[in-house]
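Asker: quick one, structure for this:
(one chain, ligands or ions: 2)
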Amino acid sequence: MSLPTQIVPSVLPADLADLGNGCRALEEGGVDKIHWDVMDGHFVPNLTFGPDVIAAARRYVSVPFEAHLMVERPDDLMHLYIEAGCQMLIVHAETTPHLHRTLARIRELGAEAAVALNPSTPIGIVENVADLLDMVLIMTVNPGFGGQSYLPTMELKVAEMRRFLDNNGYENVSIEVDGGIGAATIAGAAIAGTDVFVSGSALFKYPEGLAFGVADLRSIAETARP
Ligand code: DX5
Ligand code: ZN
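Answerer: Ligands and ions are numbered 1, 2, ... in the order given. Got it, this is the predicted structure:
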């Protein structure tokens with residue numbers, strides 16, 4: 001277990017009328033970074049956060065932000081999310097024919113670069129861009145909405161990705177899972193080789209509150225990780 005375990009909330013379930021204080025509560029709850037689900041209503045049916053919303057929340061906390069760009073034209077938008085205060089951009093492999101150029105551009109702009117793979121997208125798409133990656137996001141739901149059921153079949157994909165990265169000198173590239181992650185599912189993803197865990201609805205549903213939920217998810221993941 002070399003890469004540290006990271007618990008990362010999606011803010012989709014937060015009170016969207018009070019996002020600054022919502023981010024502050026997450027930071028105080030001990031999260032490692034905050035995951036902004038950016039949706040354009042085209043790549044996925046839902047429509048969510050523009051860069052100005054993220055820039056407004058940026059002033060409330062110092063914890064890193066990552067933007068999960070579920071958008072059809074990431075190359076046109078990505079500089080805006082970096083200017084808004086995101087330290088990492090996650091682009092979907094399915095949204096750009098020039099993935100190598102897009103990832104290189106994100107790094108040129110000063111942010112960390114990650115690629116997201118939908119459930120049906122094979123890991124082979126990463127092979128020729130791994131040198132440009134800080135993280136790979138293996139989607140454990142079909143993107144577009146929070147509160148969906150976890151896809152356990154993605155655990156084989158996580159394990160395959162971890163083997164590829166470790167066998168090719170990319171041990172420091174993280175694997176993130178996103179979708180349906182909670183107390184009942186996080187161990188399976190951890191055992192498979194995940195080190196960064198996005199949780200939205202399950203984390204916000206803890207009756208004991210966010211800090212308890214973050215600690216519980218972290219404990220389960222760290223216990224399960226090989
Ligand atoms: C789905 C998003 C996920 C989702 C996570 O398209 O990328 O980040 O909001 O929420 P839960 O944990 O509720 O599945
Ligand atoms: Zn997401």
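Asker: what's the pLDDT at the residue of the chain found nearest ligand 2?
Answerer: Ligand 2 sits closest to residue 68 of the chain, with a gap of 3.7 Å, by Cβ to the ion. All C-beta atoms are positioned from the backbone trio N, CA, C, and that covers glycine. If you check residue 68, the pLDDT there is 98.
Asker: what do you get for the one 5 residues further on?
Answerer: In this prediction, residue 73 carries a pLDDT score of 97.
Asker: mind listing what residue 106 touches?
Answerer: Going by Cβ atoms under 8 Å, 6 or more residues apart in numbering, residue 106 touches 78, 82, 89, 91, 112, 113.
Asker: tell me the strands beside the helix or strand hosting the third one, with direction?
Answerer: When elements are assigned from DSSP states H and E, residue 89 belongs to strand 88-92. The strands beside strand 88-92 in its sheet (DSSP bridges) come out as strand 65-70 (parallel), strand 112-117 (parallel).
Asker: skip ahead from that strand and say which helix or strand is next.
Answerer: helix 99-108.
Asker: averaged pLDDT, that following helix. What do you get?
Answerer: Helix 99-108 comes out at a mean pLDDT of 98.
Asker: check stretch 37-55 too.
Answerer: Here the average pLDDT along stretch 37-55 is 98.
Asker: highest mean neighbour count out of the strands paired with strand 88-92?
Answerer: Most buried of the strands paired with strand 88-92, by mean neighbour count (mean count of other Cβ atoms under 10 Å): strand 65-70, with a mean of 27.
Asker: and the angle for that one with helix 99-108?
Answerer: 160 degrees (axes from the mean of the first three to the mean of the last three Cα atoms, to 10 degrees).
Asker: contacts for strand 65-70, please.
Answerer: 8, 10, 33-40, 43-44, 54, 57-58, 77-78, 81, 85-92, 95, 112, 114, 116, 137, 143-144, 178, 198.
Asker: circling back: can you tell me if the strand holding residue 89 touches ligand 1.
Answerer: No - Strand 88-92 stays clear of ligand 1 (Cβ under 6 Å from any ligand atom), getting no nearer than 9.0 Å.
Asker: near ligand 2 at all, that strand?
Answerer: No - if you take Cβ under 5 Å from the ion as the test, strand 88-92 misses ligand 2, and the best it gets is 7.6 Å.
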